[in-house]
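Trainee: Sharing a model that was predicted from the sequence below.
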Amino acid sequence: GESIRIGIAGYGNLGRGVEAAVAKNRDMQLVGVFTRRNPAELATLHAETSVNTMDDLAAHEDRIDVLILCGGSKEDLPQQGPVMAARFNTVDSFDTHARIPEYFETVDAPARAARKTALISAGWDPGMFSINRVYGEALLPDGDTYTFWGRGLSQGHSDAIRRVPGVAAGVQYTLPSEAAIEQVRNGSRPQLETRQKHTRECFVVLADGADPASVREAIVTMPHYFDQYDTEVHFITADELARDHSAMPHGGMTIRSGNTSDDHAQVIEYGLTLESNPEFTASVLVAYARAVHRLNQQGQFGAVTVFDVPPGLLSPKSAAQLRAELL
Ligand SMILES: NC(=O)C1=CN([C@@H]2O[C@H](COP(=O)(O)OP(=O)(O)OC[C@H]3O[C@@H](n4cnc5c(N)ncnc54)[C@H](OP(=O)(O)O)[C@@H]3O)[C@@H](O)[C@H]2O)C=CC1
Ligand SMILES: N[C@@H](C[C@H]1CC(C(=O)O)=NO1)C(=O)O
């Protein structure tokens, strides 16, 4: 059938990842990248496809089947999500977990009014890990659910620290407690506080004249991102950041540890080992763009989450092929 026409809104790590991911999917074509950068800067963005300003999006409304929103969750998507859902089918990776219910509502209304479909919070967490947490609870009602990330670079937390006044650049690594993981894997079903499962480590390049103490305080007290964790903040130079912190590996696992009877403990584990967090996340967004395109054709309008998407819609294979090959 016709190629699915993809647009990218926001050209950072995730935007570049979507560009690569679309090229891996034969049933898709990339219409263009749309960015807030000023026109003079567009030529510097080395995109494989046409780079346009956000204002150019209006002219593309009937030439894009799904617009993939690659902005930051802390400040960009809360503004861009509702605006874009009124004009395009969209997929985003909104990952401020505590704010997902309110974000869902702000996107649902404009999407419904425009008879568009908006998938929010796809990716791996939220996203694939969310799906596996639901499987775990449904399949092992008598159990406990655990999620561990890292050691790796969290893009959401790195975006969040880059938005702190006085921060010129920076990254955040998430470190899991190996002791906590061992306790969970041996089936003892421990009750663990947030602070007992992970610590967070930031590497920050200060803007000229910024005060380190106030930058550190703004980071470690940041609601939803750092306030529930023990967090370290190191100040480094831009050269050190480029030399030592350009890779974006990550990963982790969800574990459901439960009992189907007094005699039998059962453990479900789903894991990821990622050399590139943004490229993997982008690959998930692109697969869900295929599903959103189909959901819209089926008349499912408004906001949806990964919980609402039948797995088969992610595949380019027909239902008959899936039955024959993968069931
Ligand atoms: N659900 C999940 O599993 C995951 C979710 N995420 C989410 O993805 C979000 C985006 O991550 P990431 O792509 O790493 O964020 P970036 O900081 O790379 O990009 C965010 C936005 O910042 C702007 N930008 C990027 N680079 C520059 C620059 N050099 N100069 C000026 N503006 C720039 C871009 O907007 P513009 O082009 O319009 O200027 C871009 O859309 C994260 O906030 C996180 O919430 C990420 C990974 C996993
Ligand atoms: N949304 C995360 C994906 C995972 C990683 C993570 C963390 O390290 O806290 N939480 O969820 C990201 O932006 O990388």
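Mentor: That came through fine. What you see is a predicted model, and the numbers here were worked out from it, not measured in a lab. Ligands and ions are numbered 1, 2, ... in the order given.
Trainee: Surely Val284 is within a helix?
Mentor: Yes - counting by DSSP: H, G, I helix; E, B strand; the rest coil, Val284 is located in a helix.
Trainee: Next, count neighbours for it.
Mentor: Residues near Val284, counting by other C-beta atoms under 10 Å, number 20. The C-beta positions use only the backbone N, C-alpha and C, and glycine is treated the same way.
Trainee: Pull the contacting residues for it.
Mentor: 122-124, 127-128 (C-beta atoms under 8 Å, 6 or more residues apart in numbering).
Trainee: cool, Ser3 as well?
Mentor: 27-29.
Trainee: and it, backbone torsions?
Mentor: Backbone torsions of Ser3, given as degrees, to the nearest 10, read phi -60, psi 150.
Trainee: next one: whichever helix or strand Leu295 is part of to chain centre, how far?
Mentor: Taking DSSP states H and E as the criterion, Leu295 maps to helix 277-297. Put simply, helix 277-297 sits 11 Å off its chain's centre (C-alpha atoms, centre = their mean, to the nearest Å).
Trainee: Heading C-terminal from that helix, find the next helix or strand.
Mentor: strand 302-304.
Trainee: Which one (most neighbours) among the contacts of Ser3?
Mentor: Met28 leads the contacts of Ser3 on contacts (other C-beta under 10 Å) with 21 neighbours.
Trainee: Show the pLDDT at that one.
Mentor: With respect to pLDDT, Met28 scores 98.
Trainee: And it, how far from Ala122?
Mentor: 16 Å (C-beta to C-beta, to the nearest Å).
Trainee: is it true that Tyr146 touches Ser257?
Mentor: Yes - using C-beta atoms under 8 Å, Tyr146 is in contact with Ser257, at 7.1 Å.
Trainee: what's the overlap in contacts for these two?
Mentor: Val184.
Trainee: of the contacts of Ser3, closest to ligand 1?
Mentor: Within those, proximity to ligand 1 (C-beta to the nearest ligand atom) peaks at Met28, which comes in at 19.6 Å.
Trainee: quick one: the helix or strand harbouring Ala118 near ligand 1?
Mentor: Using DSSP H and E, Ala118 maps to strand 117-119. No - contact between strand 117-119 and ligand 1 is absent, the nearest approach being 11.4 Å (criterion: C-beta under 6 Å from any ligand atom).
Trainee: cool, and stretch 5-13?
Mentor: Yes - using C-beta under 6 Å from any ligand atom, stretch 5-13 reaches ligand 1 at 10-13.
Trainee: ok, back up a step: okay, buried residues for the helix holding Leu295 please.
Mentor: For helix 277-297, burial by neighbour count (16 or more other C-beta atoms under 10 Å) applies to 277-296.
Trainee: Which ones among those residues also lie next to ligand 2?
Mentor: Answer for the buried residues of helix 277-297 near ligand 2 (C-beta under 6 Å from any ligand atom): Asn277.
Trainee: Please work out which residues outside the helix or strand of the chain with the lowest mean pLDDT touch it.
Mentor: Least confident element among the helices and strands of the chain, by mean pLDDT, DSSP states H and E: helix 39-42 (a mean of 89). Applying C-beta under 8 Å, 6+ apart, the contact partners of helix 39-42 are 35, 51-53.
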